[in-house]
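A.B. asks: please find the sequence and the predicted model below.
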Amino acid sequence: PEAHAQEPQMGGTLRMQMAIKAQRDPRTWDWSELANACRGWLEYLVDYQRDGSLQPVLLESWEASDDATTYTLHVRPGVTWNNGDPFTASDVAHNIERWCDASVEGNSMASRMGSLMENDAMREGAVEVVDDLTVRLNLSSPDIALIVSMADYPAAVVHPSFTGDDPVANPIGTGPYLPVSYDPGIGAVVERNPDHTWWNEGNGAYLDRIEFIDLGTDPASWIAAAEAGEIDLNYQAQGDIIDIFDAIGYPRSEAVTAATIAVRFNQDNAPYDNKDVRLALQKAVNNAIVLELGYNDLGIVAENHHVCPIHPEYAELPPIEADAAAAMARLEEAGHATTEFELISIDEPWQAETCDAVAAQMRDAGINITRTILPGATFWNDWTKYPFSATEWNMRPLGVQVLNLAYRTGGAWNETAFSNEEFDSLLDEANGIADADARREVMARIETIMQEEGVLIQPYWRSIFRNAAENVHGAEMHPTFVVDYVKYWKS
Amino acid sequence: MDPLNWFEILARMAQQFLPVWVALVVTYALSIRFKRRLGLYGKLFDSTVGMIGFGIVLFWLFTALFADLIVTHDALSQVSGMRNEPPGSALRDPRDLYPYYLLGGDSLARDVFSRMVMGAREVLRIAPFAAMISFMIGITLGLPAGYFGGKLDTGLTFLANLVLAFPVILLFFLLVAPEIQETIIPSVMAGILFLVPILFVTILLNARFFTQPAKRNLYVGGVLLVGVWAYAGLVFDADPVGLWSMSPNLLNVFVAVVFVNAPTVFRIVRGITLDIKSRDYVAAAQTRGEGPWYIMLWEILPNARGPLIVDFCLRIGYTTILLGTLGFFGLGVSPESPDWGSTINAGRRLLTVYPHPALVPAIALMSLVLGLNLLADGLREESLKD
Amino acid sequence: MLLFLLRRIGLMLVTALCLTFVVFALTNMPAKLETLAKTQAGSRMSDAEVTSWLERNGYAEPMLVRYGEWLGVMPGWVRVDADGSVTGRCVALRGTDDAAGERCGLLQGDWGFSTRFRAEVSDVIAARLGATGLLMMWVLIVMVPMALIVGVLAGMREGSRTDRTLSTFAIASTATPEYVSGVLFIALLASSTVGISPILAEWGWIDGRVLFQGNARSAIEDITLSNFTLPVLTIALYGMGYVARITRASMTEVMTQQYIRTARLKGVAFSKIVLRHALRNALIAPFTVIMLQIPWLLNGVVISEVLFSYPGFGWTLYEAAVNNDIELLLAASVVAVVVVLVTQLISDIGYVYLNPRIRIS
Amino acid sequence: MSDWTPNQPILEIENLSISFFTRLREIPAVMDFSCRVMAGEAMGLVGESGCGKSTVALAVMRDLGVNGRITGGTIRFKGRDLTNMGQEALRKIRGSEIAMIYQEPMASLNPAMKIGAQLAEVPMIHQKMARAEALKLARQVVADVRLPDPDRILDAYPHQLSGGQQQRIVIAMALMSKPALLILDEPTTALDVTVEAGIVDLVGELAEKYGTSMLFISHNLGLVMEVCDRITVMYSGEAVETGDIKDVFDKMRHPYTQALFRSIPLPGASKTARPLQAIPGNFPLPHERPPGCNFGPRCTYFEAGRCDAREIPMVPVAGDERHDSRCLRIDEIDWSASRAAETGEARAPIGDVVLEMQEVRKYYEVSASTLFRGGDPKVVKANETLSFDAREGETLAIVGESGCGKSTFAKVLMGLETATGGQIMLFDENVQSTPIQARNTDTVSSLQMVFQNPFDTLNPSMSVGRQIVRALEIFGVGKNDAERQQRMLELLDLVKLPREFATRMPRQLSGGQKQRVGIARAFAGNAKVVIADEPVSALDVSVQAAVTELLMDIQRKNKTTLLFISHDLSIVRYLSDRVLVMYLGHVVELGTTEQVFAPPYHPYTEALLSAVPIADTRIEKKRIVLEGDIPSAVNPPPGCPFQTRCRWKSQVPGNLCETEVPPLRDVGGGLQLKCHLSQEILDGMEPVFTFAAE
Ligand SMILES: Nc1ncnc2c1ncn2[C@@H]1O[C@H](COP(=O)(O)OP(=O)(O)OP(=O)(O)O)[C@@H](O)[C@H]1O
Ligand SMILES: Nc1ncnc2c1ncn2[C@@H]1O[C@H](COP(=O)(O)OP(=O)(O)OP(=O)(O)O)[C@@H](O)[C@H]1O
Ligand SMILES: [Mg+2]
Ligand SMILES: [Mg+2]
């Protein structure tokens, strides 16, 4: 049976619990679910693998210059769109241009393409179509994360005719599947496209049909559906839910990630503009206990600097220690012994629980803290402005990526209002070092600054989990929540 | 240490509840002794159903009162190693803490027993108070609507029906939303809603004592003083002494709950008023030349108390359920609050493996509502008998 | 009769108008619009992006104007972009550029567009109402006879042991809110680890892993005993106690009436007294209550549909509220008002037909 | 079947004791009650409210409810003991051999069943008759009770019939299977006198026709006299005297019976000449009965040590057949001795006009049926052109059937409603369109009202004293609380209530006591004019007398003008100076009491008088039974309001009665009539009452 199990089996219908949200332009996607539903026909230039490597998909290969300012992309030959058009270098260029259009609200790709942009649009000459199968990118500044960014879920490659908002309504793509139905909040169905020859024929597209079932956010109903045999796997399970799924015959698969929760201060708001306050609050919290109580010990302890041991450039610093008494003393010194702090979080259970655990630690130390939990819809309205709140950060393959996004002075997603010249310039420097080991030295200093400035309490790096029935294969949890159902199969 | 068995758990819980038992015994002994002199309350002790119901309600009431004496742990503190532990589990490292989690730990390693006890306080702090304000509003509007009739009645009834036509949950989603919390809407509504009780008592006393200005000024002045003080604290959070205050969140919940309940009370009061106003003693008051408010508040209202008290009991129960509903939709009061609704909702996810964190507050909530219902039933039965 | 109906319909319209305006006002507050923009166009948008999105999608006009647009008394908004493409409320709804500048609101039969479900509101509501209609039908089929039987049996002989037992049961059932009973039912009947399902499965009494399904999603396609029992039971149980108590009260009252005594002293047997003399009179009050319960059950429907993820009207209402789907919410409130007032109407008319005392005079 | 023969008693109750078991105590409602009804006999059962009349009746039906139990004695029906009969056997007897008729006709009929079905049920159950046949029988019985158009009635629901018609249906239902015994528990109390007269006639006739025995329960001695052959007087759970009607009425042999008769106004009684005598003290509650004779504490012939020593047995009265009394001193008392206080006080002098009403009209607008037919509102003409005046110290009685507009008039006068037209002058002040809130305190306090229902006039949740003090506060009497308190106690004295009643709650008072408090409250502001809207009609006869006397007393003392509204002509005759007879909102007759009660009469007054049952064997009465029902005030008949029921109509030439409202004209001596009848016919009218013997 062992050998038998290795051989992918063709056919079958897979039913997966996953939120189905209203579709829109891929570059503005803000939920991986949006991308996952479309992965059957919208493919990517490159894929990020579970093991951390990058695998070329619509590209065959690429090269970067040493200083990471010039990239040459080789387009995979023989790829066709499902309407029959061949896939060429100009399609690649067209997509990059789309990504660079910052005038589209919510286009998050624009923030990743900064080195190719100028005035909210693609810089003249940034992208050169060398020939039908070659594209050259000329960067204005070094960017080691450019190719990795192209594996991010909003970087789905669309046909030049795609204008509207909805990739389901007009599903022209290069992949082997086609959408059958798509009802936000209810579910979606994709089926294998019989009229299209997929470039990677034979290495996937095993399933005939995939049904996504949106069961809402309440994990109890996922369990109920599983108990009733209505789903084969879930999208993601958290905390005790994982155990329950285990118990009812849906074993878990784990992905160790650099995804985390940032319990961050906004330095524009008093009293968090006071570094002593920040450090005192940090000191009151034992990250290991937060991991245990807030996240069931399903991850690894983090060190308040937002660089993960699995990042290639991670530099190990001396361990941090919690000390409730010292924390309170420091707070007293800063004159905030009786100040009432308010920790805001979204209503997502694991985040709320983590914050509850953080708050409980602070309370144990004698700090006066209250909690506020906001529903998702409202939380995101002001997520960068809350004085003291927790934000979930998905994993980025490189350590510098999140730092660039979230801690650089004036960054759009800089929710901490952290502004430190040394940090900014060190980050610039790191961005230009393509070699990870070389980058690590700069990183050590960057991480230290983060800790010394008390930018955030980052209790842990979370592992993420998926439970699937035993006859589902290839569907192990992916660190960036990729559901590449093209590769899944059922026995 | 070994975990406790069920017998030990029960024994230890009974021990923790000692203050409640004492208070219960004293109350019952006194009440039964003097029941003939205590009017409707005394009659309650003639009805088994009523006594059981009252006992349950009183149990929770005393639990709320003596919560600080009863709890074994802080309701918010989390103890390492106690996540989802079953009832009777011993603490790994008790130090100076109570060595057991009597009813186990929840998913955040907090003591389920203590949370349930503190939850009683949380629930009994809001529900009766909200029901009371609803009643005052329903009464203040229902009396004139029933008494004067005409356009006023038509208008108020339309408004009441308007609110009643609103699906409760939609109303909650619209009113308890955090976005609304930041606007002035809750404050304005609270401003209006909390004004009514003050007006109510003022008119009540004025109607009664206007023939004796000295007394009237004293009473009304006193009421206004306390009223304005509480009002400033509750609505504007501007109480100089700091006795009265309400978080915007709570205020919002409060306003929403009152808003949902008041129209129903209005309808009941209006109906009773229509009935009572045709009685001769009302006519007698009219022939004395009494003002309409005196007649409404002193002639009609006291005689409507029977059904109103019954409904009040039911309404507290209903409000408790409503608060739970809010918790169910994540709209509840403060997030760590041990109130039963949110606790049930939090515990329900793990129900199939760790039933205790959800079951304990669920049973508590059920028993309180059941008690209130039984009490109302007993009261209804006894008030009909004479 | 006609005049009466017209008056009622008029009242309904006015109520709906007031109500939708309140809903409109509350859902269109700046903060809520911001939420909408973010759920629609990306949760991590900047403020400037939000403003421009709102402007481009017609949310920037004054609220009254937009309420007028929704009603259909004002022409829908139109926007001509620099590149000449025309967008607008009616363009989107009708699908042609010609419609720009027309009125397309409720009066024209356009219920608007649901931002959450990306579909015409009328389609969404129609589909979901159908689903809830089925649910309600089963709830009533289960609840009403059970409640009436319990109530009549209990009220038949006040104070008897049957009465005490059944009344306590009825009270307990009203004291158990849906979110408690639903949860208990799932734990008890729909879990393969606790409750009775594992035992039954072990004995081989049930084929699947669980007795009933704790999830009713599959009921949209095919209603089965297994997937529909729990949601129906959950709603029915809470309402049942209430109706049963009303029936009991009504029955006990009727049983003390003179005419029952007359019948007894005429020599009518007890069972006949209950069936022929008491029942009809006793059922007048519960009838009204049952009708008035229907809108009240909506609460339970929302909870139960969300709990069992059954996409009906209650679930839609929840989703619309959570996602600030303005036009869907408005339509849902109109439906709610209509349901409330129509049931009231039926209850009034039914009362008259059941109660000969009013009918003839 | 037992060996019962028709010459044995059909119902024989022996030493019956019945108790109700409440949570607090056992209430012995009936003790040692015996009574015997022969075939074809009508037995009357009289006594004060609460003395156990209904309990006896229900015991015969074996329907005492969950907490009632027969604790001793036997009830034999046709020789069979009912007390230990099984349910099934009982069911066979109920409705077929014993039938019962209750006080409230409306409540006795199932509102949701057609009359026909309810009637037909009886033979269908007992004789297993087919439905069609049963309906035919029903039709016949309905015709027997003289209901017009039986087919329509069989097909109607109860509410479509008037009260009188309903009561006839109830009687019909009882007669459906020709029962041997008919129990009637106050069958006419809820009905108007004119309707009552019809029913009483009917019952008598039918009993004769069907040969039914009757147990007739009533507190109205007059009624009992008209219907029954024999009577049993009950007091506090036991029979105190029983015998033939004539024997008991003329030669009563128990102090209670005597006292009862003295407290009802008989023709000839008058407030100045032969005042009523209330029985002193209160009726004992069943569980607070004194030892020995129950009536002892209230009896003028009470002899301590003897009457309260032991149970008193029933003893036969010498010289009479089947006449028993429960009195120890039956042979010692001089039963023919006239009453102690034979002379009443002189009537108060009558002063100036204090109140004058001119052409007062009150119309109500009512929108018809609320639900289905909206549209045009209808007008209820509750009062039509009322004109009269009242003087200081005078008692003006206003009589008329239910719904004729008496209370409306009172409300208009009080200012609770404003008149539609006309003038009301109170002490030369026009108060016609001034609602009460706008009147000044003096006017308000000088014009007060005593209400009909004693159980309703006091706020149940305020102590008696408080309610009086509140009136004092409002009327501005007294400077401070202490003074008002003092005045309140004086008022309690005035109405002869003990002072400790001040702290009692109304529910701790009996009906008569409540009514006294109501009176005290009305006089709190030294009222000059008091309107009493049926102040005693809800009270027991003996209490009635006491309250009436009290009102008279106060009137004499304060020179109050009393407007006494009533439908009870006996009491009106007893206490009023002048009488105003109303019919359908119109004043049909107005004159002094003597004038009104003697010919010439308005035809309506004549009928009203003849309908009054008189508990005096010496008086003979003309029987005039009014046909038809009282017309609705919403669409009154054209012309004379009474023309639809008037037996004199044929005497008026042409169709004057149908077309023209007659004017109110003086027919001599100040008597005013609203009638088209010519003076000769009026002068030729015969008196309704004649004293037979004298
Ligand atoms: N179900 C009962 N429970 C307790 N006491 C009762 C019950 N029914 C009657 N009684 C008491 O029994 C006594 C006799 O009542 P009953 O109804 O026979 O009087 P009644 O002579 O018919 O009076 P009325 O003229 O008012 O009808 C009263 O004191 C009453 O309070
Ligand atoms: N508020 C009102 N609205 C409409 N009609 C009324 C109103 N009050 C009284 N009526 C009508 O006016 C007429 C006279 O009523 P009123 O109460 O004066 O009669 P009454 O002589 O006092 O009768 P009763 O002896 O039954 O007390 C009745 O037909 C009654 O239905
Ligand atoms: Mg009686
Ligand atoms: Mg009246």
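C.D. replies: Structure received. Ligands and ions are numbered 1, 2, ... in the order given.
A.B. asks: now do the buried residues in stretch A:253-265.
C.D. replies: By neighbour count on 16 or more other CB atoms under 10 Å in any protein chain shown, the buried set for stretch A:253-265 is A:253, A:255-265. Where C-beta positions appear, they are placed from N, C-alpha and C, glycine not excepted.
A.B. asks: just stretch A:64-76 next, same as before
C.D. replies: A:64, A:68-69, A:71, A:73-76.
A.B. asks: could you dump the buried residues of stretch A:253-265 to JSON lines with secondary structure, pLDDT and distance to chain B?
C.D. replies: Below are those laid out as JSON lines (DSSP: H, G, I helix; E, B strand; the rest coil; pLDDT from 0 to 100; distance: CB to the nearest CB, whole Å):
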{"residue": "A:Ser253", "secondary structure": "strand", "pLDDT": "92", "distance to chain B": "20"}
{"residue": "A:Ala255", "secondary structure": "strand", "pLDDT": "90", "distance to chain B": "22"}
{"residue": "A:Val256", "secondary structure": "strand", "pLDDT": "88", "distance to chain B": "22"}
{"residue": "A:Thr257", "secondary structure": "strand", "pLDDT": "90", "distance to chain B": "22"}
{"residue": "A:Ala258", "secondary structure": "strand", "pLDDT": "90", "distance to chain B": "25"}
{"residue": "A:Ala259", "secondary structure": "strand", "pLDDT": "89", "distance to chain B": "21"}
{"residue": "A:Thr260", "secondary structure": "strand", "pLDDT": "92", "distance to chain B": "19"}
{"residue": "A:Ile261", "secondary structure": "strand", "pLDDT": "93", "distance to chain B": "15"}
{"residue": "A:Ala262", "secondary structure": "strand", "pLDDT": "94", "distance to chain B": "19"}
{"residue": "A:Val263", "secondary structure": "strand", "pLDDT": "94", "distance to chain B": "15"}
{"residue": "A:Arg264", "secondary structure": "strand", "pLDDT": "94", "distance to chain B": "19"}
{"residue": "A:Phe265", "secondary structure": "strand", "pLDDT": "94", "distance to chain B": "20"}
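A.B. asks: of those, which are in range of chain D?
C.D. replies: Among the buried residues of stretch A:253-265, no residue sits close to chain D (CB under 8 Å from any CB of the partner chain).
A.B. asks: hang on, the earlier thing: just the buried residues of stretch A:64-76: which has the poorest pLDDT?
C.D. replies: Least confident entry in the buried residues of stretch A:64-76, by pLDDT: A:Ala68, with 83.
A.B. asks: what sits against the closest residue to chain A within the stretch 201-350 of chain C?
C.D. replies: Closest to chain A within the stretch 201-350 of chain C is C:Gly214: 2.9 Å, counting by CB to the nearest CB. Neighbour list for C:Gly214: A:220-221, A:223-225, A:227-228, C:185-186, C:189-191, C:230, C:308 [criterion: CB atoms under 8 Å, 6 or more residues apart in numbering or on different chains].
A.B. asks: 7 Å instead?
C.D. replies: Contact analysis of C:Gly214 by CB atoms under 7 Å, 6 or more residues apart in numbering or on different chains lists A:224, A:227-228, C:186, C:190, C:230, C:308.
A.B. asks: for chain C, which helix is longest?
C.D. replies: Counting residues, the longest helix in chain C under DSSP state H turns out to be helix C:121-156.
A.B. asks: mean confidence score for that one?
C.D. replies: Per-residue pLDDT values over helix C:121-156 give a mean of 90.
A.B. asks: the helix or strand sitting right after it along the chain near chain D at all?
C.D. replies: Next along the chain after helix C:121-156, taking DSSP states H and E as the criterion, comes helix C:161-174. No. Residues of helix C:161-174 are not located near chain D by CB under 7 Å from any CB of the partner chain, the shortest gap being 11.9 Å.
A.B. asks: any idea of the mean pLDDT for helix C:161-174?
C.D. replies: If you average the pLDDT over helix C:161-174, you get 88.
A.B. asks: do stretch D:555-571 as well
C.D. replies: Here the average pLDDT along stretch D:555-571 is 85.
A.B. asks: coming back round to it: could you list which of the buried residues of stretch A:64-76 belong to strands?
C.D. replies: Per DSSP state E, strands hold the following members of those: A:64, A:71, A:73-75.
A.B. asks: ok, which of these also contact ligand 1?
C.D. replies: Restricting these to those within reach of ligand 1 (CB under 6 Å from any ligand atom) leaves nothing.
A.B. asks: out of those residues, which one sits closest to D:Glu473?
C.D. replies: Closest approach to D:Glu473 among these (CB to CB): A:Tyr71, at 97.5 Å.
A.B. asks: not counting its neighbours along the chain, what's nearest that closest one?
C.D. replies: Spatial nearest neighbour of A:Tyr71, excluding adjacent residues (CB to CB, 6 or more residues apart in numbering or on different chains): A:Leu137 at 4.2 Å.
A.B. asks: out of the contacts of C:Gly214, which is most surrounded?
C.D. replies: C:Phe308 (31 neighbours; other CB atoms under 10 Å in any protein chain shown).
A.B. asks: gap between the residue nearest to that one when sequence neighbours are not counted and chain B?
C.D. replies: Leaving out its chain neighbours, the residue that sits closest to C:Phe308 by CB to CB, 6+ apart is C:Ala216, at 4.1 Å. Note on C:Ala216: its distance to chain B, by CB to the nearest CB, to the nearest Å, is 17 Å.
A.B. asks: mind splitting chain D into its structural domains?
C.D. replies: For chain D, the TED database gives the domain ranges D:9-228, D:352-463+D:521-580, D:591-691.
A.B. asks: any idea how far the longest one is from the chain center?
C.D. replies: Right, the one you point to is domain D:9-228. 20 Å (CA atoms, centre = their mean, to the nearest Å).
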